[in-house]
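# Fold the following.
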Amino acid sequence: MSEGSYGCTCKMSFSSPEKFNALIDDSKPGMPTKNVPQVLSFLLGPFTKLTDRLVKLLKPSEADLKNRAFFEESTILTFYTIAGAISALANSDSVSQQSALYTVDGDVSIGITDVCYATLRVRNHSFQTIKEKPDTPRAIMEFKTIDLAYGLFTGTASTMAELCAGNIYMSGMISMVDNINRILDRVAVYLG
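Next comes the predicted model:
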C-alpha cells in the first residue's frame, strides 16, 4: 500500500473530508474519476463488507468483546488506528502541530508487550507511523498487557495508577512521550 494514485486501477475523488465521511457513515460514494464500473463494483461488494467489519471491530458490542479472539483483534486494530491517528494529527491538526513543534527528532516505540508495536518516526517536526518496532528508539512507551491497553483506550483504566503500578513502561526522551500524549488527547476529538 502506498500514498498517491500512481498505478491505481480505480480512483474516487471527494470534495471535502465530510464527503469522505459520508462514504464511510452512509455509503454515499464520491465522484469516480477513473474506471467507473470497477469503482462501483468495489463499493457495492468488498468495500461494504470491509466497512461493516471495521465498524464491528472499532465500535464493538459488549457481547462481541466476550469472545477473547475478537477482543484481541479489536484492541490491536484500535492500537494501530491510534498510532496512525497520532501522525495524521501531528501533521495536519493545528492544535496537535503545536506539540509536534516541540518534539525532537527520533523514533518512539509504542506497543503492547509481546503483542504489537509501532514506530512514531519524527523528522523536522513531521510524524510518520510505521507498523513495526524500531531498532533504536529514542523513547519507549509500552503497555504491559492487551487488557490494560483496552482499558486505557476506552478510558476504563487510570493512566496514572497504571504508570505508578509499573504496568506502563516509559524510557528514553520522555519529553517525546509527553508531546505524543498531548496529541493522543486530540485523537479522541476525531475518533470519539
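# where does the chain have its least confident helix or strand?
strand 31-34 (a mean of 52; mean pLDDT, DSSP states H and E).
# quick one: what helix or strand has the residue most central in space within the chain in it?
The geometric centre of the chain, computed from its C-alpha atoms, lies nearest to residue 81 (C-alpha atoms, centre = their mean), at 2.0 Å. In the assignment (DSSP states H and E), residue 81 maps to helix 68-92.
# Residue 110 pairs with what?
According to DSSP bridges, residue 118, residue 141 are recorded as the beta-bridge partners of residue 110.
# how about the helices of the chain, start to end?
17-26, 36-42, 48-58, 62-65, 68-92, 94-101, 146-154, 159-164, 174-191 (DSSP state H).
# helices or strands up against the fifth one?
The reference is to helix 68-92. helix 48-58, helix 62-65, helix 94-101, strand 106-112, strand 116-123, strand 126-130, helix 146-154, helix 174-191 (3 or more C-beta pairs under 8 Å, 6 or more residues apart in numbering; DSSP states H and E). Yep, even glycine has a C-beta here, placed from its N, CA and C like the rest.
# Contacts only, for the residue lying closest to residue 54 once chain neighbours are set aside.
Among residues not flanking residue 54 along the chain, residue 77 sits closest, at 7.8 Å (C-beta to C-beta, 6 or more residues apart in numbering). Taking C-beta atoms under 8 Å, 6 or more residues apart in numbering, we find residue 77 in contact with 54, 57-58.
# How about the contacts made by residue 142?
Residue 142 neighbours (C-beta under 8 Å, 6+ apart): 109-113, 168-170.
# Check the burial of residue 150 by counting its neighbours.
22 (other C-beta atoms under 10 Å).
# ok, now residue 122?
Residues lying near residue 122 (other C-beta under 10 Å) number 23.
# Assess the claim that it and residue 106 are in contact.
Yes. With contact defined as C-beta atoms under 8 Å, residue 122 counts as touching residue 106 (6.0 Å).
# what touches both of the two?
Joint contacts of residue 122 and residue 106 (C-beta under 8 Å, 6+ apart) are residue 176.
# count of neighbours near residue 170?
14.
# meant to ask about residue 78
18.
# can you pull the pLDDT of it?
On pLDDT, residue 78 comes in at 93.
# what's the span of stretch 128-143 from first residue to last?
Using C-alpha to C-alpha, to the nearest Å, one end of stretch 128-143 lies 21 Å from the other.
# try stretch 130-144
21 Å.
# any idea how far it is from the chain center?
In terms of C-alpha atoms, centre = their mean, to the nearest Å, the centre of stretch 130-144 is found 15 Å from the chain centre.
# same check, this time on stretch 137-149
With C-alpha atoms, centre = their mean, you get 15 Å for stretch 137-149.
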